[in-house]
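Student: No sequence on hand, only this structure:
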């Protein structure tokens, strides 16, 4: 159930709603909860700040426009779009981070959320943060929630998988070693990034199906061969 009031969006879910260890829970829409057994959560949706490849896109379009002022409108738009796409092929933009403006934007959002929490509208501080593994999103989260104890990185939150360098994420070990990301949980990402395929569950050890086999049935686990159980 989704409720909206004065700019707030609240999602109602069953109190016995079992979250999964990989951040891919069953849909609350699959059940029919009664009103007495509901929890109401407020969800803050925050877009990452401007990234360095976004700056390059804008500059490429500006330059293409300046170099082709004699072209008619439709052809000029095509030229600008081609220039923009060409700029994104630069390997230097692999897992692009925030620009200076993007960092300022993240700081503004941090201050804005603090203002909302201190206001009289009754909002509570976020209990958990879920973030895309792309560096620009991680940096935004690090600026907005520098000391939050529950920041979880989730592959399923990647908004773009174009194959371009800017949308190609770094590996979990590379990200985990960053000082600003040290308080983030990369457990789910580490599971997906594990290059060693291990058969850590023997079927005969379990009365039912082994845990890893159950997780492999989830549609949002991208590479099921790399899934392993961690205890």
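Tutor: Received, thanks. Bear in mind the structure is a predicted one, so any value in this text is a computation, not a measurement. Numbers count the residues shown, from 1 in each chain.
Student: Please, where are all the strands along the protein?
Tutor: 2-5, 8-14, 38-42, 129-131, 151-153, 184-185 (DSSP state E).
Student: so what strands line up beside the last one?
Tutor: This points to strand 184-185. The sheet places strand 184-185 alongside strand 151-153 (parallel), with pairing taken from DSSP bridges.
Student: List the buried residues for stretch 179-195?
Tutor: Buried residues in stretch 179-195, counted by 16 or more other Cβ atoms under 10 Å: 181, 184-186, 188-194. Using the backbone N, CA and C atoms, a C-beta is placed for each residue, glycine as well.
Student: so which two of those are the farthest from each other?
Tutor: Using Cβ to Cβ, the buried residues of stretch 179-195 span at most 18.6 Å, a distance reached by 181 and 194.
Student: which other residues reach the longest helix anywhere in the chain?
Tutor: Secondary structure assigned by DSSP state H gives helix 100-118 as the longest helix of the chain. For helix 100-118, contacts defined as Cβ atoms under 8 Å, 6 or more residues apart in numbering pick out 44, 46, 48-51, 54-55, 98, 123-125, 136, 139-140, 143-145.
Student: Find the nearest non-adjacent residue to residue 189, please.
Tutor: Excluding the flanking residues, the one nearest residue 189 by Cβ to Cβ, 6 or more residues apart in numbering is residue 172, at 4.3 Å.
Student: which residues does that neighbour contact?
Tutor: The contact partners of residue 172, by Cβ under 8 Å, 6+ apart, come to 133, 153, 186, 189-190, 192-193.
Student: What spatial separation is found between it and residue 91?
Tutor: 21 Å (Cβ to Cβ, to the nearest Å).
Student: How about residue 103?
Tutor: 23 Å.
Student: Please say which of these two ends up with more neighbours.
Tutor: Taking other Cβ atoms under 10 Å, residue 103 and residue 91 do not tie; residue 103 has more neighbours (17 against 9).
Student: so what's the more buried one scoring on pLDDT?
Tutor: Per-residue pLDDT puts residue 103 at 97.
Student: Would you mind measuring from it to residue 63?
Tutor: As judged by Cβ to Cβ, residue 103 and residue 63 stand 25 Å apart.
Student: Give the residue spans of this protein that score low on pLDDT.
Tutor: Across the chain, the ranges flagged by pLDDT under 70 are 1-35, 194-231.
Student: try it again with 50
Tutor: Applying pLDDT under 50 to the chain picks out residues 1-30, 195-231.
Student: what are the ranges of the helices in it?
Tutor: 52-67, 73-87, 100-118, 135-144, 172-176, 187-193, 211-215.
Student: closest to residue 129 out of those helices?
Tutor: Closest approach to residue 129 among the helices of the chain is made by helix 135-144 (5.8 Å; Cβ to Cβ).
Student: contact partners of the closest one?
Tutor: 46, 48-49, 51, 95-98, 102-103, 106-107, 109-110, 113, 129, 131-132, 151, 153, 157, 169-170, 175, 180-181, 184.
Student: And these, which of them are buried?
Tutor: 46, 48-49, 51, 95-98, 102-103, 106, 109-110, 113, 129, 131-132, 151, 153, 169-170, 175, 181, 184.
Student: Return the distance of residue 64 relative to residue 101.
Tutor: From residue 64 over to residue 101 the distance is 21 Å, taken as Cβ to Cβ.
Student: same check, this time on residue 61
Tutor: Relative to residue 101, and taking Cβ to Cβ, residue 61 is found at 17 Å.
Student: Look at these two and report which has more neighbours.
Tutor: residue 61 (18 against 14).
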